[in-house]
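Chemist: Let's see this in three dimensions:
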Amino acid sequence: MFTFSLTLVRHGETQYNKDKLLQGQGVDTPLSETGLEQCNAVGRYLRDIAFHNVFASNLQRAVQTAEIILKNNTHCSGTEMVLEPLLRERGFGVAEGRPKDDLKNMANAAGQSCRDYTPPGGETLDQVKLRFKKFLKVLFDQMLDDRGRPGPEAGDVANRTEGAASGDASASAAAAAAADGLQGVPVHALVVSHGAYIRVAVKHLVEDLKSALPAGVKAYHLFSPCPNTGVTRFVFTLSRSESGPVLSACRCVFTNRKDHLEHLAAAE
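Modeler: A predicted model of the protein is given here:
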């Protein structure tokens, strides 16, 4: 049996996000100034998590976000980032580059909800879920293959969280929050992806793979839109079989956390 954590982060804001325009896969825009600030904030928030594996969508807004998180991290100077097309945003077809309201109007005209509607040339939610399922197989294979590989020390997260207690109280609280769910978990993976993709991923983990939920939280509470640089975490336990890794247990720690953005909002 092998246990590891998966921390999912949505990319930082782009100008298209700010202007409420759909990006999808065909519009590949860089981070805005606000997006860069958000990424540095989430990078500082996650700075003491010793990520052994880092995956990012190969769209530049996700790559930039992952690079900034790694730059801020105290353990990941030698960690290689894998650019993974399976993590790309949902394709929105003819709606890409257009206002989000256009997608709502197209969905209304088709008699469907906006979240379930697939514009011409776009990906269905089932197609996005299939991509995520393929990524999970890649991830599980990689985590078991790398199990014996030297990497950041497993105890670094707990040690640094405890050490912060002797310093600034707010820093200690932030370190403890960032390490939620990691106590006793030896290996950590980071994935940087996109809002619609992350929502599909969370629904698959919760509804299809029957993930355990945080105490007192209903499943539908976990499916709200993920903010830019929102943080989501799951813990997986795998076992080996002749046909490959088998998921033995899955636990949701939290979804769409944005504590690191509070000081940015207060400064506006």
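Chemist: Can you report how many residues neighbour residue 142?
Modeler: By the criterion of other Cβ atoms under 10 Å, residue 142 has 16 neighbours. C-beta: built from backbone N, CA, C; applies to glycine.
Chemist: Give me the phi and psi for it.
Modeler: Summarising the backbone geometry of residue 142 under the convention degrees, to the nearest 10, its torsions are phi -60, psi -40.
Chemist: Could you double-check that it lies in contact with residue 53?
Modeler: Yes - taking Cβ atoms under 8 Å as the definition, residue 142 is a contact partner of residue 53 at 6.3 Å.
Chemist: what about the host helix or strand of residue 5, average pLDDT?
Modeler: If you go by DSSP states H and E, residue 5 is part of strand 2-10. Mean per-residue pLDDT for strand 2-10: 97.
Chemist: Would you give the sheet partners of it, along with the direction of each?
Modeler: Looking at strand 2-10 with DSSP bridges, its paired strands and their directions are strand 187-193 (parallel), strand 231-241 (antiparallel).
Chemist: Kindly compare burial across those and name the winner.
Modeler: Among the strands paired with strand 2-10, the stretch with the highest mean neighbour count (mean count of other Cβ atoms under 10 Å) is strand 187-193, at a mean of 25.
Chemist: as a whole number, average confidence for that one?
Modeler: 97.
Chemist: Contacts made by that strand with the rest, please.
Modeler: When contacts are taken as Cβ atoms under 8 Å, 6 or more residues apart in numbering, the neighbours of strand 187-193 outside the stretch itself are 2-11, 46, 49-57, 62-63, 65-66, 69, 87-89, 139, 143, 146-147, 151, 154, 157, 182, 201.
Chemist: Strands of the stretch 51-200 of the chain, start to end?
Modeler: Read by DSSP state E, counting those that start in this stretch, the stretch 51-200 of the chain holds these strands, from start to end of the chain: 53-56, 81-83, 187-193.
Chemist: any chance of these in JSON lines, with distance to residue 32 too?
Modeler: Putting the strands of the stretch 51-200 of the chain into JSON lines (distance: least, Cβ to Cβ, whole Å) gives the following:
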{"stretch": "strand 53-56", "distance to residue 32": "18"}
{"stretch": "strand 81-83", "distance to residue 32": "21"}
{"stretch": "strand 187-193", "distance to residue 32": "16"}
